[in-house]
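> give me coordinates for this.
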Amino acid sequence: MSLQLRNSQKDLDDLRHTNLSLTDRLEAISRNSSSPSMGHTSLMNEIDMSDQEGEYWCRLGRE
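You can find the predicted model right below:
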């Protein structure tokens, strides 16, 4: 594996970790709010779609 590819993989892993951390924080804030908002639901859907798209491109790059 080339150095550039290893660095890209590390960057991707770091971004995934950050994404999971931010998602956990967002869910914690949501649980503490008195009522779920439509904006939050939309944001969570966007996060889920973004995560799925990232996984797709990652798998595609490995094939």
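> may I have stretch 7-22 as CSV, with CA atoms only?
These are the backbone C-alpha positions of stretch 7-22, laid out as CSV (Å, rounded to 0.1, in the frame of the first residue of the first chain):
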residue,chain,number,x,y,z
ASN,A,7,-2.5,8.6,4.7
SER,A,8,-5.8,8.8,3.0
GLN,A,9,-7.1,5.8,4.9
LYS,A,10,-5.9,7.3,8.2
ASP,A,11,-7.7,10.6,7.4
LEU,A,12,-10.8,8.7,6.5
ASP,A,13,-10.7,6.8,9.8
ASP,A,14,-10.2,10.0,11.7
LEU,A,15,-13.2,11.6,10.0
ARG,A,16,-15.3,8.5,10.8
HIS,A,17,-14.3,8.7,14.4
THR,A,18,-15.1,12.4,14.5
ASN,A,19,-18.5,11.8,12.8
LEU,A,20,-19.4,9.2,15.4
SER,A,21,-18.5,11.5,18.2
LEU,A,22,-20.5,14.3,16.8
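> when you give positions from now on, start the count at 706
Sure, I'll start counting at 706 from here, so that last one is stretch 712-727.
> buried residues in that stretch?
Residues of stretch 712-727 include none that count as buried (16 or more other Cβ atoms under 10 Å). Using the backbone N, CA and C atoms, a C-beta is placed for each residue, glycine as well.
> can you give me the helices in this structure?
Along the chain, counting by DSSP state H, helices occupy 708-737, 743-767.
> which stretch in those is the model least sure about?
Least confidently modelled of the helices of the chain is helix 743-767, at a mean of 68 by mean pLDDT.
> and the gap between E758 and N737?
Applying Cβ to Cβ, to the nearest Å, the value for E758 to N737 is 29 Å.
> so who does E732 touch?
E732 makes no contacts at all, as judged by Cβ atoms under 8 Å, 6 or more residues apart in numbering.
> out of E758 and N737, which sits in the more crowded spot?
Between E758 and N737, counting by other Cβ atoms under 10 Å, E758 is the more crowded of the two (10 against 7).
> any idea how far that one is from S707?
When distance is defined by Cβ to Cβ, E758 is 24 Å away from S707.
> could you do S726 as well?
Plainly put, S726 is 29 Å away from S707 if you go by Cβ to Cβ.
> what about R711, neighbour count?
Counted with other Cβ under 10 Å, R711 comes out at 10.
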